[in-house]
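Student: can't give you the sequence, but here's the structure:
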């Protein structure tokens, strides 16, 4: 890995791409700490110092790199884009028009990307309106009396919402710039930076509150978790595929042997995001319905068993949701019938398996067997922070720096970026040989 980066910096065009990516990252981080107009920055900092548990906002704050609770111009973060991308991807199975666009290739993908942008802006408006409303009503920071929006007139609140929505549009543009002119996938890198930006602060909190021994234990545990995640993320089942020879004109095509890779973690981090989002809904409903200070029976049950992230019922629900969403998401994104039909169309077949329906049944069998350990792996990594809440002294599982959604995203994005750099280096190394 280090040799690849050293070679990348020695290559002029790759060096330009890396420096361009770093420049865009610097601009993005400046926007993440710049408060929106009308927001009292000293009062926001005072409220953040008073509130330790971020509750239902922890997942959004994680993906915004802490910008949400600072009410900056990038407060909405990249979450609207993630949600819009997932919705459009799921709609390709439901809406025939979207499915046709997906099969059209680059032109259809460009149209789907345009729909994703429109939906992102709409979701950003909704999220920014909700954040501003919660901040104006004093529910964004519980038990904080400092007014984060001193001027709560309609015009001022509208300006804040428009600024945050424009910040989401700028983040989309910055991510596309990185994808086109930089290194790696732009949106993934922005998410990676948002999560990585919180690790030093969380590490300092653990060191200050628990001491050096616990801090060293957490660092060693984090390294072990990251190594395990890398090992599993690289694991895949390679199904051999043989292509028959075909005579086209005077030339012979085909006759090659390849393989169809099926990753152990075929679903990525999407099931963890789904499960986390659904488990935040009970606490959100308990705050929106009725008096927040009323201690009714169902609210006490939700607070003690569902919302409390160290309770066994919460952990079991979270684990079961991740397993269920893993199977659901893989069944949508990996269509075994389409893969079998594509292989049959191009003259490919799995040795010992007849093309067509038997191939689809075999792929479904293999996918079902490999999805089980993948879903268990996702569930175990996601609930690891819940078991270490008492050790770290943190009030929320998203604050644990080496577990759950954070480590899955960081490892995945890091591996993809390194692979892209190495592939571009290989192209340049073999360029003179091919000539």
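Tutor: Now that the structure is in, tell me what you want to look at. For clarity, every value in this text was computed on a predicted model and none was experimentally measured.

Student: need the helix or strand of the chain with the lowest average pLDDT.
Tutor: Ranked by mean pLDDT, DSSP states H and E, the weakest helix or strand in the chain is helix 431-434, scoring a mean of 38.

Student: now residue 105: how far from residue 228?
Tutor: Using Cβ to Cβ, to the nearest Å, one gets 38 Å for the distance from residue 105 to residue 228. C-beta here means a position set from N, CA and C on the backbone, and glycine is covered the same way.

Student: for residue 408, same thing?
Tutor: From residue 408 over to residue 228 the distance is 11 Å, taken as Cβ to Cβ.

Student: where does the stretch 1-150 of the chain dip in pLDDT?
Tutor: Across the stretch 1-150 of the chain, the ranges flagged by pLDDT under 70 are 1-5, 49-68, 138-139, 142-143.

Student: what does the stretch 201-350 of the chain give?
Tutor: Applying pLDDT under 70 to the stretch 201-350 of the chain picks out residues 246-255, 283-299, 303-305, 307-310.

Student: now the helices for it?
Tutor: 212-234, 270-288, 297-301, 312-333, 336-345 (DSSP state H, counting those that start in this stretch).

Student: so which of those gets nearest residue 42?
Tutor: Closest to residue 42 of those, according to Cβ to Cβ: helix 270-288, at 26.1 Å.

Student: go through stretch 106-124 and flag the buried ones.
Tutor: 108, 111, 112, 116, 117, 119, 120, 121, 123, 124 (16 or more other Cβ atoms under 10 Å).

Student: same question, stretch 353-371
Tutor: 353, 355, 359, 360, 362, 363, 364, 366, 367, 370, 371.

Student: now that stretch: mean pLDDT?
Tutor: The average pLDDT within stretch 353-371 is 89.

Student: against which helices or strands is the helix or strand containing residue 118 packed?
Tutor: Using DSSP states H and E, residue 118 maps to helix 106-137. If contacts are counted by 3 or more Cβ pairs under 8 Å, 6 or more residues apart in numbering; DSSP states H and E, helix 106-137 sits against helix 79-94, helix 96-103, helix 154-181.

Student: right, and those - which one's nearest residue 135?
Tutor: Nearest to residue 135, of all the helices and strands packed on helix 106-137, is helix 154-181, at 8.5 Å by Cβ to Cβ.

Student: could you figure out how far that closest one is turned away from helix 106-137?
Tutor: 150 degrees (axes from the mean of the first three to the mean of the last three Cα atoms, to 10 degrees).

Student: and stretch 83-100, how far from the chain's centre?
Tutor: Put simply, stretch 83-100 sits 18 Å off its chain's centre (Cα atoms, centre = their mean, to the nearest Å).

Student: what does that stretch rub up against?
Tutor: 101-102, 108, 112, 115-117, 119-120, 123, 270, 273, 332-333 (Cβ atoms under 8 Å, 6 or more residues apart in numbering).

Student: try 10 Å this time
Tutor: With contacts defined as Cβ atoms under 10 Å, 6 or more residues apart in numbering, stretch 83-100 is touched by 78, 101-103, 108, 111-113, 115-124, 127, 172, 187, 270, 273-274, 277, 328-329, 331-333, 335.

Student: what residues of that stretch count as buried?
Tutor: Those would be 83, 84, 85, 88, 89, 92, 98, for stretch 83-100 by 16+ other Cβ under 10 Å.

Student: max pairwise distance over those residues: which two?
Tutor: Between any two of the buried residues of stretch 83-100 (Cβ to Cβ), the greatest distance is 16.4 Å, for 83 and 98.

Student: can you list the buried residues in stretch 156-174?
Tutor: Using 16+ other Cβ under 10 Å as the test for burial, stretch 156-174 gives 156-157, 159-161, 163-168, 171-172, 174.

Student: cool, stretch 195-204 as well?
Tutor: Neighbour-count burial for stretch 195-204, counted by 16+ other Cβ under 10 Å, picks out 195, 196, 197, 198, 202, 203.

Student: ok, so of the residues you listed, who is nearest residue 7?
Tutor: Distance to residue 7 across the buried residues of stretch 195-204 (Cβ to Cβ) is lowest for residue 196, with 23.8 Å.

Student: that closest one contacts residue 203, doesn't it?
Tutor: No. Contact criterion Cβ atoms under 10 Å: residue 196 and residue 203 do not qualify, at 11.5 Å.

Student: show me the contacts for the nearest residue to residue 156 once chain neighbours are set aside.
Tutor: In space, and not counting its chain neighbours, residue 156 is closest to residue 38: 4.5 Å by Cβ to Cβ, 6 or more residues apart in numbering. By Cβ under 10 Å, 6+ apart, the residues touching residue 38 are 71, 132, 148-153, 155-160, 163.

Student: again, 8 Å this time
Tutor: Residue 38 sits next to 149, 150, 151, 156, 157, 159, 160 when contact means Cβ under 8 Å, 6+ apart.

Student: could you confirm the first one falls within a strand?
Tutor: No. With DSSP: H, G, I helix; E, B strand; the rest coil as the criterion, residue 149 is coil rather than part of a strand.

Student: burial count for it?
Tutor: 22 (other Cβ atoms under 10 Å).

Student: check the third one too.
Tutor: Taking other Cβ under 10 Å as the neighbour definition, residue 151 ends up with a count of 12.

Student: same thing with the second one?
Tutor: As a burial measure, the neighbour count of residue 150 was computed by other Cβ under 10 Å and equals 11.

Student: wait, it touches residue 40, no?
Tutor: Yes. Applying Cβ atoms under 8 Å, one finds residue 150 in contact with residue 40, separated by 5.5 Å.

Student: how about stretch 211-218: buried residues?
Tutor: The neighbour-count check on stretch 211-218 (16+ other Cβ under 10 Å) flags 214, 215, 218 as buried.

Student: surely the last one and residue 206 touch.
Tutor: When you say that, I think you mean residue 218. Yes. Applying Cβ under 8 Å, one finds residue 218 in contact with residue 206, separated by 5.8 Å.
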